[in-house]
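Asker: Please find the sequence and the predicted model below.
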Amino acid sequence: MPRGQKALDLDDVRPDVRATTRPPGRVVRVVPDVAGIAKRFDYVVPARLDDQVEVGTVVRIDLHGRRVAGWVVEVDVETPPDVDLKELARVTGVGPSPDLVALADWAAWRWAGRPRTFLRAASPPGRVRGDVTRPPVTRCQAPSDRPSPVTVRRVPPAADRYPIVTSAIEETAGDALVLCPSVAQARALADRLRRDGRPTALVAHDQPGTAAAGEWARAAAGGCTVVGARAGAWAPVPRLGQVVVLDEHDEAYAEEGSPTWHARDVVLERAARAEVPVLLVSSNPTLEALAAGVLVAPERSAERRGWPALEVVDRREEDPAAGMLTEPLAALLRRAGRVLCVVNRTGRSRLSACAICREVVACATCEGPVIQPDEDTLRCTRCGTERPVLCHICGSTRFRVLRPGVSRLREELAALVGEPVDEVTGAAAAVPTSRVVVGTEAVLHRVTTADAVAFLDIDQELLAPRERAREQAFALLARAARLVRGREEHGRLLVQTRRPEDVVIQAALHADPARVAEAEAEVRRTFRLSPFAAVADVSGVAAPAFVAALGRPPGIEVQGGGGAWRIRADDHTTLCAALAAVERPPGRLRIDVDPLRA
DNA sequence: CGGACAAGCTGA
DNA sequence: CAGCTTGTCCGG
């Protein structure tokens, strides 16, 4: 064909075809708030909305016949003039500031997720219309030779964090962002700051009614301290001057769902971008924190005073079949006031029933009672026969716990002390009132003060088949220490163990968290775990396709198979670049960057 | 995600 | 081969 005859004809017939297919106006790029759509789409801003649209604005768009929400992530986008574009349907309200939109992009890269997750976290709960007076984002950098120092402040477990927060607020040029492990703790802190006459905004998505949107708008307006929990890492703080993370070691800062982002790491990046300092506060700082900042530890004597006295009950000489109620424990129960007994036996049970056929599990050989000593084994208490966790009636592997270990211990303890003993497990909501309480570690969250905490079987925590088992065990001891307070206030801990020399026990005994950190660092360096390497676990039906597409790029190590893989690199830059280079195969896929458990 | 559309399956 | 199910693609 010598010339584009057909195209010429079209132009002749409809000379203004281009002007009519695309409405006039600025073009913006929008991330739709729809799960499963990773793409961004361009829309024209109608003239009537022109002054309301900027990066971060929450809009509604027509997408494939549906009207959905989305975020403007780029403005004044250059697009070829012949591309047909729709108009934005409407402006819903104010959204994340441009710096948080950029941070959401970074987080999507860092945790191999989608920006939508983070844009949601950075958006107001409900609707916030354009009447938010948002000051321009400014740098509030305190004069310093280091651009954005990260300080790890180790404190004794029972030390009051409040003076640390207030002095940080007073030293901050600009507004401080303070994170707590739970919304309840954040609310308590915000209340206390307000009672002290300090302007404060509590940013949490699960607040009742319209309060949440109001608090968000107050934070966005600036001029107050902003307090929040994990999602508070994404709170609007226009004149950010410092970030404080309380109980930095708390695993509540890690999102369990995919993407598995961590609030500590989000604020470290956020503060670095804003060139403001970060203060990580903990009685037992993580290795990640220690790798990110400079440790400031208390005086040895002050730290020792701040930890309770620890009684170690060496059970090595005892008959393994003997009960958990040792003589030193009985003495503590008689002597101390309120005693919390902790035994983490969730999911492992003294008596189980098949979840499908409801048959109570009994020994297949002698019909004797069966216990579940670990995840994979059922053992007859009468004849000792072991078998896998499998219903011998219907073959099901799902079991219902009828009487977890805690229930049995409650009976034994009540008989020993001759008074009622309350029981606390994860599910039960009631606050226990008895003097002696037994429960899983949930008891340490449910009760606010105690005179003593006894760990009936700390070995279960020390030897748990999890990578962070010892760190978690030590965190458990620190939490208990916080409840009973320091030795000067007669706080007491008791641990029953067959590993009295374990570094976790020794660290608590000497009130020296550095011992755990050093021992853990050794292990993690050897096994190339965080913070000495960057790790991601890949699972789900699409995992084989993902790993195949990933290949073996330089600097990337791939282990595993059979449905679950571990990807490893020296640093996150290498790891995340490799993960981002893979086009996501269809199907369910979980990429767990920085996995907490293995 | 969820609608559109294409390719495969079934019953007359 | 209509009428339906199942699967894959795509959205501005």
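Answerer: Received it, and whenever you're ready, just let me know what you need. Just so you know, these numbers come straight off a predicted model, no measurement behind them. Numbers count the residues shown, from 1 in each chain, chains lettered A, B, ... in the order given.

Asker: I'd like to know how far the residue in chain A positioned nearest to DNA strand B sits from A:Arg60.
Answerer: Nearest to DNA strand B in chain A, going by Cβ to the nearest atom of the strand, is A:Gly36, at a distance of 2.5 Å. Using the backbone N, CA and C atoms, a C-beta is placed for each residue, glycine as well. Separation of A:Gly36 from A:Arg60 (Cβ to Cβ, to the nearest Å): 18 Å.

Asker: Which of those two has more residues huddled nearby?
Answerer: Taking neighbours as other Cβ atoms under 10 Å, A:Gly36 and A:Arg60 compare with A:Arg60 leading, 17 against 8.

Asker: Would you mind confirming that that one makes contact with A:Thr92?
Answerer: Yes: under the criterion of Cβ atoms under 8 Å, A:Arg60 makes contact with A:Thr92 at 5.9 Å.

Asker: check contacts around the residue nearest to A:Glu54 when sequence neighbours are not counted.
Answerer: Leaving out its chain neighbours, the residue that sits closest to A:Glu54 by Cβ to Cβ, 6 or more residues apart in numbering is A:Val75, at 6.4 Å. Applying Cβ atoms under 8 Å, 6 or more residues apart in numbering, we find A:Val75 in contact with A:26, A:28-29, A:53-55.

Asker: Can you tell me which residues in chain A are near DNA strand B?
Answerer: Listed as neighbours of DNA strand B in chain A under the rule Cβ under 7 Å from any atom of the strand: A:34-37, A:64-66.

Asker: Pull out the buried residues from the residues you listed.
Answerer: Listed as buried from the residues of chain A next to DNA strand B are A:Ile37; burial here means 16 or more other Cβ atoms under 10 Å.

Asker: List the residues that contact A:Thr397.
Answerer: With Cβ under 8 Å, 6+ apart, A:Thr397 has these contacts: A:389-391.

Asker: still on that earlier bit, turn the residues of chain A next to DNA strand B into JSON lines, including secondary structure and pLDDT.
Answerer: Converted to JSON lines, these look like this (DSSP: H, G, I helix; E, B strand; the rest coil; pLDDT from 0 to 100):
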{"residue": "A:Val34", "secondary structure": "coil", "pLDDT": "91"}
{"residue": "A:Ala35", "secondary structure": "coil", "pLDDT": "86"}
{"residue": "A:Gly36", "secondary structure": "coil", "pLDDT": "82"}
{"residue": "A:Ile37", "secondary structure": "coil", "pLDDT": "88"}
{"residue": "A:His64", "secondary structure": "coil", "pLDDT": "86"}
{"residue": "A:Gly65", "secondary structure": "coil", "pLDDT": "82"}
{"residue": "A:Arg66", "secondary structure": "strand", "pLDDT": "86"}
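
Asker: Now render the residues of chain A next to DNA strand B as TSV, adding distance to A:Val417.
Answerer: Below are those laid out as TSV (distance: Cβ to Cβ, whole Å):
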residue	distance to A:Val417
A:Val34	58
A:Ala35	53
A:Gly36	56
A:Ile37	60
A:His64	66
A:Gly65	68
A:Arg66	63
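
Asker: Take the residues of chain A next to DNA strand B and write them to JSON lines, including distance to DNA strand C.
Answerer: What follows is these, written out as JSON lines (distance: Cβ to the nearest atom of the strand, whole Å):
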{"residue": "A:Val34", "distance to DNA strand C": "7"}
{"residue": "A:Ala35", "distance to DNA strand C": "10"}
{"residue": "A:Gly36", "distance to DNA strand C": "6"}
{"residue": "A:Ile37", "distance to DNA strand C": "5"}
{"residue": "A:His64", "distance to DNA strand C": "4"}
{"residue": "A:Gly65", "distance to DNA strand C": "7"}
{"residue": "A:Arg66", "distance to DNA strand C": "7"}
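
Asker: And the furthest pair within the residues of chain A next to DNA strand B?
Answerer: The largest separation in the residues of chain A next to DNA strand B, counting by Cβ to Cβ, is between A:Ala35 and A:Gly65 at 17.4 Å.

Asker: picking up where we left off before, of the contacts of A:Val75, which is the most crowded?
Answerer: Among those, A:Val28 has the most neighbours (other Cβ under 10 Å), with 28 neighbours.

Asker: care to break chain A down by domain?
Answerer: A:17-121, A:150-298, A:305-347+A:405-519, A:533-593 (automatic domain parsing).

Asker: Can you give me the end-to-end span of the second one?
Answerer: Between the opening and closing residues of domain A:150-298 lies a distance of 17 Å (Cα to Cα, to the nearest Å).

Asker: And the strands in the stretch 1-150 of chain A?
Answerer: A:27-32, A:41-44, A:58-63, A:66-74, A:86-87, A:90-93, A:150-154 (DSSP state E, counting those that start in this stretch).

Asker: With distance to A:Gly197 as added columns, please give those in a markdown table.
Answerer: Shown next, in a markdown table, are these (distance: least, Cβ to Cβ, whole Å):
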| stretch | distance to A:Gly197 |
| --- | --- |
| strand A:27-32 | 40 |
| strand A:41-44 | 46 |
| strand A:58-63 | 34 |
| strand A:66-74 | 36 |
| strand A:86-87 | 48 |
| strand A:90-93 | 31 |
| strand A:150-154 | 25 |
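
Asker: Quick one: closest of those to A:Leu579.
Answerer: Per Cβ to Cβ, nearest to A:Leu579 of the strands of the stretch 1-150 of chain A: strand A:27-32, 19.5 Å.

Asker: so what does the closest one touch, helix or strand wise?
Answerer: Identification of packing neighbours for strand A:27-32 by 3 or more Cβ pairs under 8 Å, 6 or more residues apart in numbering; DSSP states H and E yields strand A:41-44, strand A:58-63, strand A:66-74, helix A:115-121.

Asker: for those, which one ends up most surrounded?
Answerer: helix A:115-121 (a mean of 22; mean count of other Cβ atoms under 10 Å).

Asker: Is that one positioned near DNA strand C?
Answerer: No: Helix A:115-121 lies apart from DNA strand C when judged by Cβ under 7 Å from any atom of the strand; the minimum separation is 12.8 Å.

Asker: what residues does that helix touch?
Answerer: A:31-35, A:71, A:73, A:95-96, A:101, A:103-105, A:107-108, A:231, A:233-234, A:259, A:261.

Asker: Now the nearest residue to A:Phe455 once chain neighbours are set aside: phi and psi?
Answerer: What sits nearest to A:Phe455 in space, not counting adjacent residues and going by Cβ to Cβ, 6+ apart, is A:Val495, at 4.6 Å. Dihedral pair for A:Val495: phi -130, psi 130, per degrees, to the nearest 10.

Asker: my read: A:Val495 touches A:Pro308, true?
Answerer: No: with contact defined as Cβ under 8 Å, A:Val495 and A:Pro308 do not form a contacting pair (11.5 Å).

Asker: who are the neighbours in contact with A:Ala112?
Answerer: Contact partners of A:Ala112, counting by Cβ under 8 Å, 6+ apart, are A:259, A:536, A:576, A:579-580, A:591, A:593.

Asker: now with 6 Å?
Answerer: A:579, A:591, A:593 (Cβ atoms under 6 Å, 6 or more residues apart in numbering).

Asker: and it, how far is that from A:Asp594?
Answerer: From A:Ala112 to A:Asp594 the distance is 11 Å (Cβ to Cβ).

Asker: same deal with A:Leu310?
Answerer: Distance of A:Leu310 to A:Asp594, given as Cβ to Cβ: 31 Å.

Asker: Buried residues, stretch A:283-295. List them.
Answerer: A:283-290, A:292-293.

Asker: And the contacts of it?
Answerer: Under Cβ under 6 Å, 6+ apart, the answer for stretch A:283-295 is A:150-152, A:154-155, A:157, A:248-249, A:268, A:280, A:474-475, A:478, A:513, A:521, A:531.
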